[in-house]
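Student: after the sequence you'll find the predicted model.
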Amino acid sequence: MLRFKFLSRIYFALFLLIVIFFVGISGFVFFESYTLSEAFYMTVITVSTVGFNEVHVLSDNGRLFTAFLIITSFGIFAYAISVITTYVLSGEFRNYYKDYRVNKSIENINNHVIVCGYGRNGRQSTESLKLHNEQFLVIEKDSKRTEKMRNEKTCLFVEGDATLDNVLDNAKIKNAKALITTLPNDADNLFVVFSARQKNPNLTIISRASESSSYNKLKIAGANNVIMPDKVGGEHMASLVITPDVVEFLDMISVGSSHHINLEEIAFNKLPKGENIRTIRELSATHQTGCMIVGFKTADGEFVINPSADTELVPNSKLFVLGKAEQINELNKILNI
């Protein structure tokens, strides 16, 4: 809003300058029969009050017009200079340039993740996406948060309300592969999910929910997954009392950490081409990295825990691999992931 006010003042000041120059040039041409270049020169030295000599000796009408031009233009010229100077010195011009660069980057973005809201959950989501080198951008309407992102250059962002269609369009939602909405209000998340699903039917949508009554509504609206942070946090704390060692072990199996045991997902289309790998046994025999295959997702979406070695790898299936960070990295290198 502040930037809009600044730009409005800039445009208004430039408009007034254009009007003054138009009046000045027209007046000198009309009253003194000056050429356009001579009229422009006289207007410049009159408006700026620098005091150079006249092109020709002015007539009485010319002197009256010049006096009128000096009186009317003095305040306008001073106002325009003050507005432009303030715009530059206050940092608004620098911010405008930064936003221009961000917008140019967003124009070419593709296959990215959109994060709606940069609160606690939103920031945590972006940190995880960074660890996985995922391309993402944030939609945030809080000017203080966007100002922080702008100054720290933490990520690409679109300033605006994520519930508005034009803001989603500015975030290139039709080119995105996933959307995470972490807005504090369930109604806003519902609106974002519904709009996003309409604009991109193939989009993977993960939504936050505060109330359990919102879960089914968000799923019906088009969310693939609905997360309730308060419920998850409460269950986690209770589990630390009931089965503390199990929970600590599961916490150690993190996604994307460089110093913990990692769990990695491998889609069928990422398996090496041309090696004729048909089963888990053949994959394990071909690529010995020390990783353990702990899960399998069939093409129909069914999950299998600890799949047998004879499980067939078919299109649209996925493997879940457990291993140390260096083992996962070695596997990723082999599979060119």
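Tutor: The structure has been received and is ready for your questions. Numbers count the residues shown, from 1 in each chain.
Student: pLDDT weak spots in the chain?
Tutor: Low-confidence segments of the chain, defined by pLDDT under 70: 1-7, 50-52, 87-103, 105, 254-260, 270-277, 284-287, 332, 334-337.
Student: domain map for it?
Tutor: Per the record, the chain has its domains at 2-89, 109-233, 243-335, by automatic domain parsing.
Student: any chance of a markdown table for those, columns mean neighbour count?
Tutor: No exception for glycine: its C-beta is placed from N, CA and C like everyone else's. Below are these laid out as a markdown table (neighbours: other C-beta atoms under 10 Å):
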| stretch | mean neighbour count |
| --- | --- |
| domain 2-89 | 15 |
| domain 109-233 | 18 |
| domain 243-335 | 14 |
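Student: ok, which stretches of the stretch 51-200 of the chain are strands?
Tutor: Listed in chain order, the strands of the stretch 51-200 of the chain (DSSP state E, counting those that start in this stretch) span 113-116, 136-140, 156-159, 178-181.
Student: JSON lines for those, including distance to Leu319?
Tutor: Shown next, in JSON lines, are the strands of the stretch 51-200 of the chain (distance: least, C-beta to C-beta, whole Å):
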{"stretch": "strand 113-116", "distance to Leu319": "22"}
{"stretch": "strand 136-140", "distance to Leu319": "25"}
{"stretch": "strand 156-159", "distance to Leu319": "32"}
{"stretch": "strand 178-181", "distance to Leu319": "20"}
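Student: nearest to Met252, out of those strands?
Tutor: strand 178-181 (24.5 Å; C-beta to C-beta).
Student: what residues does the closest one touch?
Tutor: For strand 178-181, contacts defined as C-beta atoms under 8 Å, 6 or more residues apart in numbering pick out 113-117, 122, 125, 162, 173, 188-189, 192-193, 196, 203-208.
Student: one more time with 6 Å, if that's ok
Tutor: 113-116, 125, 189, 192, 196, 203-207 (C-beta atoms under 6 Å, 6 or more residues apart in numbering).
Student: now these as CSV including distance to Thr279?
Tutor: Listed next are these as CSV, based on distance: C-beta to C-beta, whole Å:
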residue, distance to Thr279
Val113, 33
Ile114, 38
Val115, 38
Cys116, 41
Ser125, 36
Asn189, 42
Val192, 42
Ala196, 38
Leu203, 33
Thr204, 28
Ile205, 34
Ile206, 32
Ser207, 37
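Student: with the residues you listed in mind, which one is nearest to Ser143?
Tutor: The closest of the contacts of strand 178-181, once distances to Ser143 are taken by C-beta to C-beta, is Cys116, at 16.3 Å.
Student: quick check: bridge partners of that closest one?
Tutor: Note on Cys116: beta-bridge partners by DSSP bridges are Ile139, Thr181.
Student: separation between it and Leu168?
Tutor: Between Cys116 and Leu168 the distance is 9 Å, computed by C-beta to C-beta, to the nearest Å.
Student: just to revisit the earlier point, ok, which of the strands of the stretch 51-200 of the chain comes nearest Glu54?
Tutor: Of all those, the one in closest proximity to Glu54, counting by C-beta to C-beta, is strand 156-159 (51.1 Å).
Student: contacts for the closest one next, please.
Tutor: Applying C-beta under 6 Å, 6+ apart, the contact partners of strand 156-159 are 102, 105-106, 137-140, 146, 149, 170-171.
Student: parallel or antiparallel, list what pairs with that strand.
Tutor: Partners of strand 156-159 in its sheet, by DSSP bridges: strand 136-140 (parallel).
Student: angles on the backbone of Ala309, please.
Tutor: phi -70, psi -20 (degrees, to the nearest 10).
Student: for the one 5 residues further on, same thing?
Tutor: Geometry field for Val314 lists phi and psi as phi -120, psi 160, criterion degrees, to the nearest 10.
Student: right, and it touches Ala299 too?
Tutor: Yes. Using C-beta atoms under 6 Å, Val314 is in contact with Ala299, at 5.5 Å.
Student: contacts only, for Leu190.
Tutor: Shown in contact with Leu190 (C-beta under 6 Å, 6+ apart): 217-218, 221.
Student: which of those fall in helices?
Tutor: If you go by DSSP state H, those have 217-218, 221 in helices.
Student: show me what contacts the nearest residue to Glu134 once chain neighbours are set aside?
Tutor: Once flanking residues are discounted, Glu134 sits nearest to Val113: 5.6 Å by C-beta to C-beta, 6 or more residues apart in numbering. Applying C-beta under 6 Å, 6+ apart, we find Val113 in contact with 129, 134, 136, 178.
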